[in-house]
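Chemist: One predicted model, sequence on top.
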Amino acid sequence: MKLEKKKVWIVVITVQAKDSRGGYMMGRIFGTDGVRGEANSQLTPELAFQLGRAAASLLRDKKEGKQAIVIGRDTRISGDMLEGALIAGVCSAGIDVYRVGVMPTPAIAYLTRELKAISGVVISASHNPASDNGIKFFDYQGYKLPDELEDQIEDLIDNGVEQLPYPTGAEIGRVKEIKNGLDLYLEFVKKIIKVDLKGLKIVVDCANGAASEITPRLLRELGADVINAFDQPDGLNINKDCGSTHMDALQKLVLKEKADLGIAHDGDADRVLFVDAKGNLVDGDQVLVICGLDLLREGALKKDTVVVTVMSNLGLKQALVKNGVKVEETKVGDRYVLERMREVGAIIGGEQSGHVIFLEHNTTGDGIVTALKLLEVMQKTGKSLEELASQMEKLPQVLLNVRVKDKRDWEKNKAIRDVVALREKLLGDKGRILVRASGTEPLIRVMAEGNDLEELQQVTKEIAKVVEEELN
């Protein structure tokens, strides 16, 4: 499907604390992937209602007639509660709701276009634990919203959405259940792959999340022998010791089942990681090399460019550049990857964490599309995942996450700046250090990369210790 190119991004609002009325106080602290907070504490039904009402009012198409917003969610226990509040907010603004139920984030982006809605909303906290939840918005094309709309939505909430008009009678929004949403998305993604998957034995870790039904079903329909894992969500087990943030279980299962590979989603299936037949992790950097070089060989890599982030392994850049591929680098976050892709005309980009965007197929990171594209390369070349991944030599990389009370303005802390500068001087041209705040969690991430693993471990520990002491 050919997508019209328009420049639009994401609504991102970070919730801080409830006020005495059961509401919230909101700071101008933006993450990289929507509203995030502890459900019913930071992310309250009151806030969900006001987000729905404010966004619906602003996104309303000026043309006459009823319009609709697609709303889907992952499997968290708080999803029903927040969905009800969000729907009430949207309907109170006179906009209909297409409720699609449990659905991967990339499927919402697709269905927003397919159903000709004015927006799509996903209720999910992605890879976060079950106690958290989030709300993120897409525009009518399935792209995340622009900064200007973020500001307007925040202004409306700060100034009181009760001041907005309240439609009555036939003008109140209604809810329509879309029962074939999963089938529509399945038919869409099945057209992407040009080979069948017969002969492949695949273990799928669904993270007890939104992909628990769709990915195993899709791969079976394409001919693969599929072993399901972590596909029984109960509202509380999403991402719990499984999925793309906990790969140990999948690695063991692939070896036990003698499978060709394993696939691991996160809670909302917008990203994916892999395990080869020998139990080795294959991350987003390696996937970008495998698929990027395949596109290059096919003459289909537009602008001969792949977009990555500053967290990508140096081995990725080396593998692509030596084959004549231009590497565009941006800051961490799939929204920034997408922004750069659209600026330079690239069709593939992503992150080490498994957010990979194939812009000719979908407008956001899509773990299901990514899995299909990787499997297609395997079938087309007849090579194992281990062979394909060997096109990139990974340099040792150590990452430590430090939980802090307040991640704002950490760059101004002299003690942190000094220890980073000292360790950078000691590493010299043998490696690099990257310290950054997480976009979605109260974490400071400390990463070091180079040739000496033991030295990198020592460096990250020393910096992490200073971060913890200074920010807690």
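Modeler: Perfect, thanks for sending it.
Chemist: helix/strand/coil for the residue positioned nearest the centre of the chain?
Modeler: What sits nearest the mean C-alpha location of the chain, by CA atoms, centre = their mean, is residue 270, with 4.5 Å. Using DSSP: H, G, I helix; E, B strand; the rest coil, the structure places residue 270 in coil.
Chemist: how about it, what does it touch?
Modeler: 104-106, 126, 334, 355, 364-367 (CB atoms under 8 Å, 6 or more residues apart in numbering). Backbone N, C-alpha and C define where each C-beta goes, glycine included.
Chemist: can you pull out the helices in the stretch 151-300 of the chain?
Modeler: 181-190, 214-221, 248-257, 284-297 (DSSP state H, counting those that start in this stretch).
Chemist: most packed of the ones you listed?
Modeler: Highest mean neighbour count among the helices of the stretch 151-300 of the chain (mean count of other CB atoms under 10 Å): helix 284-297, with a mean of 24.
Chemist: what mean pLDDT does that helix have?
Modeler: On average, the pLDDT along helix 284-297 is 98.
Chemist: Kindly export that helix (C-alpha atoms) in PDB.
Modeler: What follows is helix 284-297, C-alpha atoms only, in PDB (Å, rounded to 0.1, in the frame of the first residue of the first chain):
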ATOM      1  CA  GLY A 284      17.300  -5.000  16.100                       C
ATOM      2  CA  ASP A 285      20.700  -3.800  14.900                       C
ATOM      3  CA  GLN A 286      21.300  -7.200  13.300                       C
ATOM      4  CA  VAL A 287      17.800  -7.300  11.800                       C
ATOM      5  CA  LEU A 288      18.500  -3.900  10.200                       C
ATOM      6  CA  VAL A 289      21.700  -5.200   8.700                       C
ATOM      7  CA  ILE A 290      20.100  -8.400   7.400                       C
ATOM      8  CA  CYS A 291      17.100  -6.700   5.900                       C
ATOM      9  CA  GLY A 292      18.900  -3.600   4.800                       C
ATOM     10  CA  LEU A 293      21.500  -5.500   2.900                       C
ATOM     11  CA  ASP A 294      18.800  -7.700   1.400                       C
ATOM     12  CA  LEU A 295      17.000  -4.700   0.100                       C
ATOM     13  CA  LEU A 296      20.300  -3.400  -1.300                       C
ATOM     14  CA  ARG A 297      20.900  -6.600  -3.200                       C
END
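Chemist: which residues are contacting whatever helix or strand comes next after that helix?
Modeler: Downstream of helix 284-297, the first helix or strand assigned by DSSP states H and E is strand 305-309. Under the criterion CB under 8 Å, 6+ apart, residues 285, 288, 292, 316-317, 320, 325-333, 336-337, 340-341, 344-346, 348-352 lie in contact with strand 305-309.
Chemist: Only C-alpha atoms, please: export strand 305-309 in CSV.
Modeler: C-alpha atoms of strand 305-309 as CSV (Å, rounded to 0.1, in the frame of the first residue of the first chain):
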residue,chain,number,x,y,z
THR,A,305,20.1,4.6,3.4
VAL,A,306,19.3,3.0,6.8
VAL,A,307,18.3,5.1,9.8
VAL,A,308,19.5,4.1,13.3
THR,A,309,19.9,5.6,16.7
